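Participant: Fold the following.
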Amino acid sequence: MVKEKIHRVSMKDVVFKADKENKPVLTIRSGETVVFECRDAFNQVIQKPEDLPINFDMDKINPATGPVYIEGAEPGDTLEVHILKIDLAEQGSCCIIPSFGFIHEDYPDPWTRIIPIKNGYAVFSDKVKIPIDPFPGTIIVAPLEGSHGTLIPNEYGGNMDSKACRVGTIVYLPIFVKGALFGVGDVHAVQGDGEVCGTAVEIDANVTIKLVVNKKKKINRPQYETDEYFMTTAWGETADDAAKQALRDMIDWLVAEKKLTREEAYALCSCAVDFRVSQFVDITPGVRAVLPKNVFVD
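Facilitator: Now for the predicted structure:
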């Protein structure tokens, strides 16, 4: 039996913009597995409590490791991102950044907390420890046009900051350019839905991912799937706008995949779909629609 080759991309190989002109650092075949060494969102400049989140070079924030070129990936295809494993560094950080965050007007001063990772917990303080639930906040392919900072979520993925993208989840991304040019980064050891202060437990990590080109599935925005749930996600000027788009995408999926009428799909969303805010803080808020698969009896 031939052992599967597992590729590796160093954290030295990063991009800060989603751009079809980015040069791939690795070429793989569909179905192959890659370990991505990821820097934290602060690009490793926050290491101790005295390192405050001020005077950042915003062109060097939120690095994504990659990009990886997947042979056979063509515009109109869908990239399946199977998140297999996440190995965290020994410590991360959570910061309050002036003029950034859901209620930033209440918190004008910078603040840093270094958070050790011990025995499956993020140790927030002597009295508070949080069970880790890691995921990559930024999962990205190249857009068709333009050069877009990795801090921004959009139809090509980007800084989605969705805690749904944990180990065991398949993230579906629409492919816009040949080879897809996939990258990943901004790992969070744990995050609450909303990410209200603007950061979670930001941390270096190695993320093991299998990348599969799906020629049959056609989507306009990212979708997520686990053994238990199917999810659509979207962004907008407001959370309401994002929720409406996620709802419309869920209705489209129910009509196409489950053969419901549009009226049935809309009503089922009202009866069974939960809407969860992924984040309030990344330029455009993100919302995901979460449908439990156990509502289907076939």
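Participant: Which stretches in the stretch 1-150 of the chain count as strands?
Facilitator: Ranges of strands within the stretch 1-150 of the chain are 6-9, 14-15, 17-18, 26-29, 32-38, 64-71, 78-88, 91-96, 111-118, 121-123, 129-131, 135-140, 148-149, based on DSSP state E, counting those that start in this stretch.
Participant: Can you tell me which of the ones you listed is packed in deepest?
Facilitator: strand 135-140 (a mean of 29; mean count of other Cβ atoms under 10 Å). (C-beta placed from N, C-alpha, C; glycine too.)
Participant: can I get the CA coordinates of it in PDB?
Facilitator: C-alpha atoms of strand 135-140 as PDB (Å, rounded to 0.1, in the frame of the first residue of the first chain):
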ATOM      1  CA  PHE A 135     -10.500  27.100  13.100                       C
ATOM      2  CA  PRO A 136      -8.800  29.200  10.400                       C
ATOM      3  CA  GLY A 137     -10.500  32.600  10.100                       C
ATOM      4  CA  THR A 138      -9.200  33.200   6.600                       C
ATOM      5  CA  ILE A 139      -9.800  30.600   3.900                       C
ATOM      6  CA  ILE A 140      -9.400  32.100   0.400                       C
END
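Participant: how much does that strand deviate in direction from strand 64-71?
Facilitator: Per axes from the mean of the first three to the mean of the last three Cα atoms, to 10 degrees, the angle that strand 135-140 makes with strand 64-71 is 60 degrees.
Participant: which of the strands of the stretch 1-150 of the chain has the lowest average pLDDT?
Facilitator: Among those, strand 148-149 has the lowest mean pLDDT, at a mean of 94.
Participant: That one pairs with which strands?
Facilitator: strand 17-18 (antiparallel) (DSSP bridges).
Participant: Make JSON lines out of the strands of the stretch 1-150 of the chain and add distance to F182.
Facilitator: Formatted as JSON lines, these follow (distance: least, Cβ to Cβ, whole Å):
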{"stretch": "strand 6-9", "distance to F182": "10"}
{"stretch": "strand 14-15", "distance to F182": "11"}
{"stretch": "strand 17-18", "distance to F182": "10"}
{"stretch": "strand 26-29", "distance to F182": "9"}
{"stretch": "strand 32-38", "distance to F182": "9"}
{"stretch": "strand 64-71", "distance to F182": "5"}
{"stretch": "strand 78-88", "distance to F182": "7"}
{"stretch": "strand 91-96", "distance to F182": "24"}
{"stretch": "strand 111-118", "distance to F182": "26"}
{"stretch": "strand 121-123", "distance to F182": "28"}
{"stretch": "strand 129-131", "distance to F182": "29"}
{"stretch": "strand 135-140", "distance to F182": "7"}
{"stretch": "strand 148-149", "distance to F182": "15"}
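Participant: among those, which is nearest T261?
Facilitator: With distances scored as Cβ to Cβ, the stretch of those nearest to T261 is strand 78-88 (24.9 Å).
Participant: Domain map for the protein?
Facilitator: If you go by automatic domain parsing, the domain ranges for the chain are 6-222, 227-295.
Participant: for the first one, how far is the first residue from the last?
Facilitator: Pointing back at domain 6-222 there. This stretch, domain 6-222, spans 25 Å end to end (Cα to Cα, to the nearest Å).
Participant: quick revisit: quick one: which of the strands of the stretch 1-150 of the chain is nearest K258?
Facilitator: Closest among these, using Cβ to Cβ: strand 78-88, at 18.1 Å.
Participant: So which elements touch the closest one?
Facilitator: When contacts are defined as 3 or more Cβ pairs under 8 Å, 6 or more residues apart in numbering; DSSP states H and E, strand 78-88 sits against strand 135-140, strand 170-174, strand 182-188, strand 205-214.
Participant: Please consider this matter closed, and thank you.
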